[in-house]
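J.: coords below, sequence missing:
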C-alpha cells in the first residue's frame, strides 16, 4: 500500500518536472549516448525524446542524422554547428536553430553517428514528422513513404494513426499502412488481409506494390533437374531460347555474318583465305564456305548447326519463379491485381470517354457555323477556319487592353461574335451573293479569301504563336482519381457547346428567324413566294454562322495556341463533321462531331503515341462511311436533298 | 435548251484543232528558245529547272481541267496523284544513288561486299534519319527502274480507280465529292508524315536531282534534258486530252458535267465515264509528278497537303475552265508570277506610311485577285484569247448549260 502511494507520488512529482524539461536536459541526461551513439544506445535516447514530447525534437533529429550536431567542450552542451569563419563556429540552438553564440572550432567535437544509427534516427524522424502538428509536414512525410516504401516504416506509421486528427490524412495513413503491410507484413494472414483490402484500388503505389509482390525471375535449369513447386514454365521461341542460353554462357554463340567477315579477314593470307581467292568473297555462300574450311582447320569455332541449337534448347528448361516465397500471398495478390486491372480498364474507358466528349464539343463548335451556312445556302465557306482564327486573335487583342482575364473573356466572347459576324456578312454581300447556285466557284472564291486572310494575319501578328491566357478559375483540372481527370477549360468548352446547341435549337425552332431559315433551307423558291426575303435570310444566316466561328475561335484559342494557321488545322475536320453528320441540321452536326470525336479518341487509345495514324484511319473510315450514307447521318428529305 | 446545248459532234471541230496546233507550235518554239538561251548561258540552270517544273504543273493543270472543266468533278485531291508519281520515281532515284555511294564506300574494304551487306548499307543510309535501317516492304521494287516507272502509272491509277469507284458508285457529287477528295489527299499526307510507314516521314525523299547512271552529266545538261522531257510530256498529254474531250467521248463528258441525271436517263453509264476521266487524269498527273520532282530535287509529305490541290484548281480557274490551253496558261502564269513575287523579284512598294514587301503580301494579292477573277472574269486568262479571235458564238444563251453544280455558265464562254 505504501509502495503504491510512493509510486503515485513519484509520478505526480515527475510529471510536471518532465513538462519543464527541455531538449537539452534530456540530451544531457544521455550525454554519452548522444555524443557517441551506438545502435542499441540510440534507442533509449529516442524513446525518451518521444516520451517527453519536447518541441524541436525533429529539428534535432534531422541535424543529428545529418551529422551537424556538435558538443561544445566549453559548456558541455550540444549545439547545431553553423557557419565557420576565422576559426570560430556559430553555435545554433538544438531546439529552434537560432544562433546563440560562437565557439572556437577546436573546442567543438562533432557527433558522427554511423550508418546503422542514422537509419534508426531516420525511422524516428518519420514518426516525429508523422505526428507533426503541421498538416503539410505530415502530408510530405506520407508522400516520402509512398515514394520509397520500406519495412521500417510500418511501425512509426501504425503508431501515428491513433493520434491523427485530420480524417483525410488518417485515411491516407491507413491506406499506406495497408500497402506496407501487404509488402512487408510479418505473418501470412496479416499480408493476405492487407492485399485483399487493396482489391479495386487503382492508385499507382497500390498497383506497384501488387506487381512487386508478383515479380518473377526467369531461370534456366537443366531439363533433368526436378521441377520446383510453383515455377511457371516459359514458352520461348527457339531462337530467343537459344539466345538466352548464350547469354548465360550455357551454349556457344551463333556465328554472325560480321563474325564470318572478321574471321576471314583475320585469317587471310595475301589474296586468299583457306585456299579461296578473297575477291570471290562477294556472296554469303562463298564466305560461309571459306569459314567452314577455316573451321575444319581448327582456326575458328565451327558453325552452330540447327541440330545443336535444338539439342541445347531441349537440354534446358526455361521457367519463371516468383521472388515472393509465400504461395498464399501470391494467390491473394493475383486475385487483387485482377480486380485492380478491371478497375483500371473501367477508369481508362471513363477517361477516354471524357476526352472524346471534349474533342467532340470542340469539333461541334468549329463545325456548327459551317453547317448552318452550308445547310441554308449550299455554300462551303473555305474561309470558315480563318473566321475561327479571327475570333482567337480578337480574344488575344482584348487581353492586351483588359488585363483581367475573366473580364477580358467576358468582353472577348461577344466581341469575337460581332467581329466575325461582320466579316461574314461583308463576305456574303461582296462575294458569295454573286455566286449563288455555283457552290464550286464559291468554294474557290472563299479559298482565295482564306489565303488572303491567313497571310494578312501573318503580316500583322507575325508567325509566332500568341498566347490567349485563361483566367485562373479555368486553369486547373478536375481530378476524379489517378486515372480520370479533365481540365476545366475542356469542361468550359463542353458547356459552351451545350449552350450553343440549345441556343441554335431555340433560334431555329422557336423564333420567326428560325422559321424563315428553315423554310429557305427546305425550298428557297417556295419560301420566296411566301414573302420571305431569301437575301436577308442568307445574310443573317451567314452572319450567325460566322459569328459562332468567332466564338469557337476564342474557345479553341484558350487551350491551343493562337497562330495564323490555327483555322486551317480545323477546317478539314469541320468539313468532315458536316459531311458525316448531314447538312442543314443541328442534330446532324452534333452526331457527326460525336462520331468523329469518339472515333478519333478510340483509335488513339490503341496507340496513344501516334495521333497521325489515328487521323489517317479516321479519314479512311469517313470515306468508307460516306459510301454507306452519302448524305450523312441525319439526311435532309425533300427538295433540299437534291443539292 | 437549244439544240446547241448538247452538241453531239463527230470529229474534231476546227477551232479545237486550231487551238491545239497553235498551242503545240508555241510550246515547241518556247522549248527551242529556252534551249538556245540556256546554251548561250543567258538563263541560269535553276531558271531552266523552274521552267521545266512549270511545264509539269501545266500538264497537271490540263488534266485537272479535263476532270473539272469538262467532267464537272471539282477534285481537290489531284495533287495526291502528282505526289505519288514523284514518290514512285523518287524511290528509284534515291535507291540507285545510295546504292552507288554505298558500293563505292564498301569497295575500299578488304572483302568485296555481299548483296546482304549492300542492302544493309543502303538501308542505313536511307532510313537512318527515321531511326531504322530495315528496308520496308514498299521499297521492294526500288532497285529496278522499269518496275518503279510502272509504279508511277499504277499507284496513282489504282488509287484513283478504287477511290473513284467508291465515290461515284455511291453518287457522291458536287461539294461533297470535293470534300471527299480533299479528305483523300489529307489522309495520304498524314500517312506519309508518319515515320514508320517507310517513306522517311516528314524528311521525305531528297537528292533526287542527281540522276544515277549519268555521273558525267552536269546539272545544266540534266536540267535541259528534263525540260525537254517535260515539254514533250505536256505536248503528248495535251494531244491525248484534246482527243479525249473532242468527239463522242468529249460530248458525253460535257453532258455529265451539265446535267448528269439526264445523261443517265439517256442510257449512258455515267459512273464509267466519270471513273475513266478521273483515273486517266490521275495517271497523267502522276507522270507529271514523276517529271517534276527530279527537277525539284526533294519531295516531302507537305507536297500532297490539301492546299496544293486547291491551288491546282485555282490555276485552272484563273486560266479559264473548260479550255485546255486556258489551264496550261493559268498554271504557267500563276506559278511564274508567284515565283517572281516570292523570290523577291518584284520591287517593294513604298506607300510612304507603309512599305509593301511582296514576299509578305503576295498571298494576299493572289487571294484577292483570285476572288476578283471568279467574280468578274469567269473566262479567266483564256478569255483574252476570245478577244483575239473575236469569237462570239451563242450570244443568245442566258442560263447555264445545265442544272448541275459543275455546269458550264454562259459567262465562261461558248463550247
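T.: Structure's in. What do you need? If you're wondering where the values come from, they're calculated on a predicted model, not measured in any experiment.
J.: got any ranges where the chain has weak pLDDT?
T.: Using chain A here. A:1-21, A:53, A:229-230, A:376, A:584, A:608, A:636-643 (pLDDT under 70).
J.: that's the wrong chain, I wanted chain B
T.: With pLDDT under 70 as the threshold, chain B has low-confidence stretches at B:1-17, B:390-397, B:414-415.
J.: look through it and state the residue closest to chain A.
T.: Distances between chain B and chain A by Cβ to the nearest Cβ are smallest at residue B:367, namely 2.9 Å. Where C-beta positions appear, they are placed from N, C-alpha and C, glycine not excepted.
J.: report how many residues lie close to that residue.
T.: Residue B:367 is flanked by 24 other residues according to other Cβ atoms under 10 Å in any protein chain shown.
J.: residues in contact with it?
T.: For residue B:367, the residues meeting the contact criterion (Cβ atoms under 8 Å, 6 or more residues apart in numbering or on different chains) are A:447, A:448, A:449, A:450, A:451, A:452, A:453, A:455.
J.: how near is it to residue A:431?
T.: Plainly put, residue B:367 is 11 Å away from residue A:431 if you go by Cβ to Cβ, to the nearest Å.
J.: can you work out which residues contact both of those two?
T.: Contact criterion Cβ under 8 Å, 6+ apart; residues bridging residue B:367 and residue A:431 by contacting each: residue A:449.
J.: would you turn the contacts of residue B:367 into a markdown table with distance to chain B?
T.: Output for the contacts of residue B:367, formatted as a markdown table (distance: Cβ to the nearest Cβ, whole Å):
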| residue | distance to chain B |
| --- | --- |
| A:447 | 5 |
| A:448 | 3 |
| A:449 | 6 |
| A:450 | 7 |
| A:451 | 4 |
| A:452 | 3 |
| A:453 | 8 |
| A:455 | 4 |
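J.: so which of the residues you listed is the most crowded?
T.: Looking at these with neighbours defined as other Cβ under 10 Å, the largest count falls to residue A:448 at 28 neighbours.
J.: residue B:319 versus that one, what's the distance?
T.: When Cβ to Cβ is the yardstick, residue A:448 and residue B:319 sit 15 Å from each other.
J.: which residue ranges of the stretch 401-550 of chain A form strands?
T.: Secondary structure of the stretch 401-550 of chain A by DSSP state E, counting those that start in this stretch: the strands cover A:477-479, A:485-487.
J.: export the ones you listed to CSV and tack on distance to residue B:401 and mean neighbour count?
T.: Putting these into CSV (distance: least, Cβ to Cβ, whole Å; neighbours: other Cβ atoms under 10 Å in any protein chain shown) gives the following:
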stretch, distance to residue B:401, mean neighbour count
strand A:477-479, 58, 11
strand A:485-487, 54, 15
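J.: can you list those strands in CSV and add distance to chain B?
T.: Listed next are these as CSV, based on distance: least, Cβ to the nearest Cβ, whole Å:
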stretch, distance to chain B
strand A:477-479, 29
strand A:485-487, 26
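J.: closest one to residue A:604 among the ones you listed?
T.: strand A:485-487 (15.7 Å; Cβ to Cβ).
J.: run the chain-centre distance for the closest one.
T.: The chain centroid and the centroid of strand A:485-487 are separated by 11 Å, computed with Cα atoms, centre = their mean, to the nearest Å.
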